[in-house]
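[1] this one's sequence-less:
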């Protein structure tokens, strides 16, 4: 008599699909958006040494937005694995779906619940937050299912998701989205650079894509100079973070542009993703001060620590 033993449930493969290290970078997006909205001062108020009910309520929108981005980002990367299941079976058979640890249906349900939860959390803040959350969820699905296979549309699509995530953080004060929407161009260019170069992380890339990615990075690094001229952005506070960002990402991106081999490209992509917290800290410090930027930068070691346990790409 044959007895079929059911595979015991494990949360580990679900965490692997959700990319925890990357989710932390999405939290940084919300925090920089919060600073753009002029609410960074509230987050660093001395009242937090002895918090009251009133002060806790002031941060309630931030809490909801952090929950929202967690669900939206994690849901998006889970669906990335769902749509790539057949390809991963050939190229990355160790991943949860092709290895049989999670079925494609289970992953779809998991990703759907995360995305719906993210939208529901955003709805607790205001209508602007809800609209942005829905837009992010739809843009993520478009990337996972279609645009990532296009050389140019894919990077722009992924960058748009990150740009809207900055605006999601700023939506705690809806008028900030209306007045500062152009700031979303910074993460759009940054993520477009990472996404463009990542297209060669399995089979290798080409030098042209590497040079385009470096060009995008150069514009991002120069953006604080422009912000200081057209907004209330304080350049002095941002410069140390900009220097740190350049030190972290230019060498691996330069190397990938010169030797576009899979391993070199994967290192550049990983450095770019994990350095998102530095970019966010640079922009946030210009709007909310160096103390806020340093507090945001504390997410970097957390993300790097999680990257040792979970895949980033």
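    Here it is on my side, so go on. Please read these numbers as outputs of a predicted model, since none were measured by experiment. Numbers count the residues shown, from 1 in each chain.
[2] so residue 28 makes contact with residue 280?
    Yes. Residue 28 is in contact with residue 280 according to C-beta atoms under 8 Å; the separation is 4.1 Å. Just so you know, the C-beta spots here come from the backbone N, C-alpha and C atoms, and that holds for glycine as well.
[3] neighbour-wise, which of the two wins?
    residue 280 (31 against 27; other C-beta atoms under 10 Å).
[4] what's the helix or strand hosting the more buried one packed up against?
    Here residue 280 sits within helix 276-288, counting by DSSP states H and E. Helix 276-288 is packed against helix 20-36, helix 40-43, helix 185-198, helix 207-230, helix 235-258, helix 290-297, helix 299-307, with contacts defined by 3 or more C-beta pairs under 8 Å, 6 or more residues apart in numbering; DSSP states H and E.
[5] Okay, buried residues for the very next helix or strand once past the fifth one please.
    Spelled out, that is helix 235-258. Note on helix 235-258: by DSSP H and E, the next helix or strand toward the C-terminus is helix 262-274. By 16 or more other C-beta atoms under 10 Å, the buried positions in helix 262-274 come out as 264, 265, 266, 267, 268, 269, 270, 271, 272, 273, 274.
[6] Kindly report the same for stretch 122-135.
    122, 123, 125, 126, 128, 129, 130, 131, 132, 133, 134.
[7] Among those residues, which ones are in helices?
    122, 123, 128, 129, 130, 131, 132, 133, 134 (DSSP state H).
[8] Looking at the residues you listed, which is nearest residue 164?
    Closest approach to residue 164 among those (C-beta to C-beta): residue 132, at 5.5 Å.
[9] hang on, that closest one packs against residue 167?
    Yes. Under the criterion of C-beta under 8 Å, residue 132 makes contact with residue 167 at 5.7 Å.
[10] Mutual contacts of the two, please.
    Common contacts of residue 132 and residue 167 (C-beta atoms under 8 Å, 6 or more residues apart in numbering): residue 177.
[11] if we can go back for a sec, need the residues touching each of residue 28 and residue 280.
    With C-beta under 8 Å, 6+ apart, residue 28 and residue 280 have common neighbours residue 296.
[12] who's in contact with residue 256?
    By C-beta under 8 Å, 6+ apart, the neighbours of residue 256 are 197, 205, 210, 213, 264, 265, 267, 268.
[13] Closest one of these to residue 21?
    Closest approach between these and residue 21, by C-beta to C-beta: residue 267, at 14.8 Å.
[14] Please name the nearest non-neighbouring residue to that closest one.
    Excluding the flanking residues, the one nearest residue 267 by C-beta to C-beta, 6 or more residues apart in numbering is residue 252, at 5.4 Å.
[15] now swap in residue 297 and tell me
    residue 281 (4.3 Å).
[16] what about the stretch 201-313 of the chain, any weak spots by pLDDT?
    For the stretch 201-313 of the chain, the stretches flagged by pLDDT under 70 are 201-205.
[17] Now do the SS call for residue 95.
    coil (DSSP: H, G, I helix; E, B strand; the rest coil).
[18] I figured it hits residue 81, correct?
    Yes. Residue 95 is within contact range of residue 81, at 6.4 Å (criterion: C-beta under 8 Å).
[19] okay, and the common contacts of those two?
    Common contacts of residue 95 and residue 81 (C-beta under 8 Å, 6+ apart): 17, 88.
[20] Settle it for me: which of the two has more neighbours?
    Neighbours per residue (other C-beta under 10 Å) separate residue 95 from residue 81, with residue 81 holding more: 26 against 19.
[21] And the one helix or strand the more buried one maps to, how far out from the chain middle?
    When elements are assigned from DSSP H and E, residue 81 belongs to helix 60-83. Taking C-alpha atoms, centre = their mean, to the nearest Å, one finds helix 60-83 lying 10 Å from the centre of the chain it belongs to.
[22] That helix packs against which elements?
    Right, helix 60-83 is packed against helix 12-18, helix 20-36, helix 104-123, helix 127-145, helix 153-170 by 3+ C-beta pairs under 8 Å, 6+ apart.
[23] What are the buried residues along the longest one?
    Of the residues in helix 104-123, those scored as buried under the neighbour-count criterion (16+ other C-beta under 10 Å) are 106-108, 110-111, 114-115, 117-119, 121-123.
[24] got it, and stretch 167-174?
    167, 168, 169, 170, 171, 172, 173, 174.
[25] And the contacts of that stretch?
    With C-beta under 8 Å, 6+ apart as the test, stretch 167-174 has contacts from 29-34, 36-39, 61-62, 65, 68-69, 122, 125-129, 132-133, 136, 176-177, 180-181, 183-184.
[26] repeat for stretch 179-187
    Here stretch 179-187 has contacts from 29, 36-37, 159-160, 162-167, 170, 220, 223, 227, 231, 276, 279, 283, using C-beta under 8 Å, 6+ apart.
[27] Buried ones among the residues you listed?
    29, 36-37, 159-160, 162-167, 170, 220, 223, 227, 276, 279, 283.
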